[in-house]
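Visitor: Sequence and predicted structure, then a few things I'm wondering about:
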Amino acid sequence: MVQSPEVSNQKETLQAPSYKYVRRNAEDGTAFALSTAQTPKYINFSPNDVQNVSEHILKFDNLVTAPGAGLFSHVHVDKLPIDAAQLLTSGGFPLAQLNNLDIASKTLRYLYTSAEEYRNRQPLVSAATVATAVLRTISHCQPATVPPSTAIAANTANSQYIRQSGAVSGIALTVATGSVGDMFSQHLNTSAANAALGFTTEVKLKDLMPATLCSVNKNFYFGGSETIQLKLLFSPYTKLGSKSDTVTHPASTPTDLVGWSISDLHLLCCVERNLHNIDLAMSAFARGVSHIVPYVEEKGSAPGTDTSGSVSYMFNLATGQNLLRVHTTAYNTANSGRLAGCVENVNGALITDIQTQIGSNLLQSQKLNVADGSWYRYLKMYYCKSALNSERMALVHWCHTDQIASASDSTMWNEENVKDSGFELESNVTQIYTANFDKTAVSAAVVSFFVFQRTLVMGPGVAPRFE
């Protein structure tokens, strides 16, 4: 069986890639309205192409239609309108999955993005009118140190707003405070009555599903007869919608949210054009090929308003070959002040301290306190080159990491040779990971993302599967 460069030490023979984008529309229609429940949508990859999945671009337009008396459009803190995503074979076998994607988009996405790449991204590209304005990646924004308006400060600490100025529709978007490149958007707010709000979401799969097969920067060929499908669960509009009877920031959850429309849902598949590279990938597939890829499992707990809690997860060789790292984060469950789903943990607002272990072996010698800075000092070497390269950013997008595979920083986690690294799992031996934490009385939930190393096997007549 031919092995990919991550598995073998053979010299890399790929030439410089030459990519083009091939559009693939959603299978069951590109336009739909968010409802009170999750909306599943499916997009198939280009079936006969050699492709770099990490560079695929998911793109769709968002529209809140013009109301009557005013418009308050709400986007949860740093949130894409997608709750979960899976990469599936034609037989329904999951090659990658994030079932808490809305939380991962606020935490892991920053951790796996280099500070340089983050700074060079432009989250807001303003067009001539609100209706055609483009917010390229809402969840790649960063917070201000002060709220933009004292009138709404009580409900918007550490948040920024994009608002429309003027009294008529079709006015250009203006940034309330800070620079465009440093925009953190919890809410999209327009002060004009009868004004529609439209924007485009554009996100690469490596950002949508970090720490999965979708984040590995290399060419894949799945075989011309195998259909790979991206399944998306769009959020209900009760999480993301508009309040149509006021332009004032509400003190609590509005009860009359209006649905949000999605249109032009499609995937731009990044397809290889270099004939040498195409021949290499297809020839390897013809002989049978294996790829080492990361795979995420998730486990959560709901401590609510309790002041302590834990997350425990049992795993063994059936889960993956090696445990590479664990990411644990907490988020608000109450919606007071429109904060449901917020992961901000400045001054220990959610989690005050944390300590983790595998079996009886403690991974830290003592509890790490968030407010006194000991937690960030412990993780700084891993976070230093990522978008979480400051304590402020790390606290706003709070995520505790147990890095088990190596001492490299997070921007290299999808590039390093991870063979025989991490916590190696043995047959018929079950391990238990536990995160113990103290917290405030704020109602919160906690979720841990477990990143395992798995070997993906493919070949003629063999549907993609993990060994």
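Guide: Cool, got the structure.

Visitor: isn't Pro81 right next to Ile262, touching?
Guide: Yes: with contacts counted by CB atoms under 8 Å, Pro81 reaches Ile262, the gap being 7.4 Å. C-beta coordinates here come from the backbone N, C-alpha and C atoms, glycine included.

Visitor: Look at those two and report which has more neighbours.
Guide: Pro81 (23 against 20; other CB atoms under 10 Å).

Visitor: And that one, its phi and psi?
Guide: When read as degrees, to the nearest 10, the backbone of Pro81 gives phi -80, psi 40.

Visitor: Would you check how far apart it and Asn100 are?
Guide: Distance from Pro81 to Asn100, counting by CB to CB, to the nearest Å: 15 Å.

Visitor: All the helices of this structure, residue numbers only.
Guide: 101-104, 108-111, 115-120, 205-208, 275-287, 374-383, 391-396 (DSSP state H).

Visitor: out of those, which comes closest to Val343?
Guide: Among those, the nearest to Val343 by CB to CB is helix 101-104 (6.6 Å).

Visitor: Give me the mean pLDDT for that closest one.
Guide: Mean pLDDT, helix 101-104: 88.

Visitor: is the closest residue to Leu95 other than its chain neighbours in a bridge, and if so with what?
Guide: The shortest distance from Leu95 to any non-neighbouring residue, by CB to CB, 6 or more residues apart in numbering, is to Leu87 (4.6 Å). Here Leu87 sits in beta bridges with Ala96, Leu230, going by DSSP bridges.

Visitor: Show the contacting residues for Leu87.
Guide: 53, 94-97, 209, 212-214, 228-231 (CB atoms under 8 Å, 6 or more residues apart in numbering).

Visitor: And for Val370?
Guide: Val370 neighbours (CB under 8 Å, 6+ apart): 345, 347-348, 351-354, 376, 395, 398.

Visitor: can I get the helices of the chain in TSV with mean neighbour count?
Guide: As requested, the helices of the chain are exported to TSV (neighbours: other CB atoms under 10 Å):
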stretch	mean neighbour count
helix 101-104	26
helix 108-111	27
helix 115-120	14
helix 205-208	24
helix 275-287	16
helix 374-383	18
helix 391-396	20
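
Visitor: who wins for proximity to Val447 among those helices?
Guide: Proximity to Val447 (CB to CB) singles out helix 101-104 among these, at 5.9 Å.

Visitor: any residues touching the closest one, and which ones?
Guide: With CB under 8 Å, 6+ apart, helix 101-104 has contacts from 76, 79-80, 82-85, 98, 208-210, 235, 329, 331, 341, 343, 447, 449.

Visitor: how does it look with 7 Å?
Guide: Helix 101-104 is contacted from outside by 79-80, 82-85, 98, 210, 235, 329, 331, 341, 343, 447, 449, using CB atoms under 7 Å, 6 or more residues apart in numbering.

Visitor: And stretch 303-319, by the same measure?
Guide: With CB under 7 Å, 6+ apart as the criterion, stretch 303-319 contacts 297, 299-301, 323, 328, 425-427, 429-441, 443-444, 446, 448, 450, 452.

Visitor: Stretch 270-277 now?
Guide: Contact partners of stretch 270-277, identified using CB under 7 Å, 6+ apart, comprise 14-15, 17-22, 46, 49-52, 55-56, 219, 278.

Visitor: start to end distance for that stretch?
Guide: End-to-end span of stretch 270-277 (CA to CA, to the nearest Å): 14 Å.

Visitor: Report the rounded mean pLDDT for that stretch.
Guide: 93.

Visitor: same check, this time on stretch 39-48
Guide: On average, stretch 39-48 scores 92.

Visitor: List only those of the contacts of Leu87 flagged as buried.
Guide: 53, 95-97, 209, 212-214, 228-231 (16 or more other CB atoms under 10 Å).

Visitor: what's the closest of the residues you listed to Gln366?
Guide: Ranked by distance to Gln366 (CB to CB), the buried ones among the contacts of Leu87 are led by Thr212 at 32.6 Å.

Visitor: so what's that closest one up against?
Guide: Thr212 neighbours (CB under 7 Å, 6+ apart): 96, 98, 294-296.

Visitor: Can you lay out those residues as JSON lines showing distance to Leu268 and pLDDT?
Guide: Below are these laid out as JSON lines (distance: CB to CB, whole Å; pLDDT from 0 to 100):
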{"residue": "Ala96", "distance to Leu268": "18", "pLDDT": "95"}
{"residue": "Leu98", "distance to Leu268": "20", "pLDDT": "96"}
{"residue": "Pro294", "distance to Leu268": "23", "pLDDT": "90"}
{"residue": "Tyr295", "distance to Leu268": "25", "pLDDT": "92"}
{"residue": "Val296", "distance to Leu268": "24", "pLDDT": "95"}
